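J.: Sequence plus predicted model, see below.
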Amino acid sequence: MDNTDQIILSKLRSDGRKSFIEIGREVGLTEGAVRARIGKMVRSGAIKRFTVETKDEVKAIVMVATSRSVSTTNVAEAIRKLGVDRAYEISGNFDIICFVESNAMEDVNETVERIRAINGVTDTTTSLVLK
């Protein structure tokens, strides 16, 4: 991935609805060249997914501690199977950080409860995203 790809990614992060034509004008490429670069980044895994963020969405950051007797990787996979797209193994006081999003607080709470029920989870700390 070169500097132009990094700039294209930056533009997509700031406005995922921006057209390939607009991005091309801003970086000095044709629409086709932008399309090809984005396609290549998707195929290589540099771009993992495209998302939609809604106005009334409830977002929470959940920090998860695990027992030493279980595989942190297995716990993270179990969290992803609950429908949590972003669950990462991290260093520090917690073992996993995940981002839970829904249109309703009840759904976020239910997901956190389901995370707590996973074998090997010893503690969670949840923070709601305010703005």
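T.: Perfect, thanks for sending it.
J.: Could you look up the SS state of residue 111?
T.: helix (DSSP: H, G, I helix; E, B strand; the rest coil).
J.: what's the residue closest to the geometric middle of the protein?
T.: residue 86 (4.1 Å; CA atoms, centre = their mean).
J.: With adjacent residues omitted, what lies nearest to that one?
T.: Distances taken as CB to CB, 6 or more residues apart in numbering place residue 99 nearest to residue 86, at 4.4 Å, with adjacent residues excluded. Using the backbone N, CA and C atoms, a C-beta is placed for each residue, glycine as well.
J.: what sits up against the helix or strand the one you found falls within?
T.: Counting by DSSP states H and E, the element that carries residue 99 is strand 96-102. Strand 96-102 has contacts (CB atoms under 8 Å, 6 or more residues apart in numbering) with 57-64, 66, 72, 75-76, 79, 84-90, 108, 111-112, 115.
J.: Show me the residues you listed that map onto helices.
T.: 72, 75, 76, 79, 108, 111, 112, 115 (DSSP state H).
J.: At which residues are the strands of this structure located?
T.: For the chain, the strands defined by DSSP state E cover 58-66, 86-89, 96-102, 121-128.
J.: So which of the ones you listed is the most surrounded?
T.: Most buried of those by mean neighbour count (mean count of other CB atoms under 10 Å) is strand 96-102; its value is a mean of 20.
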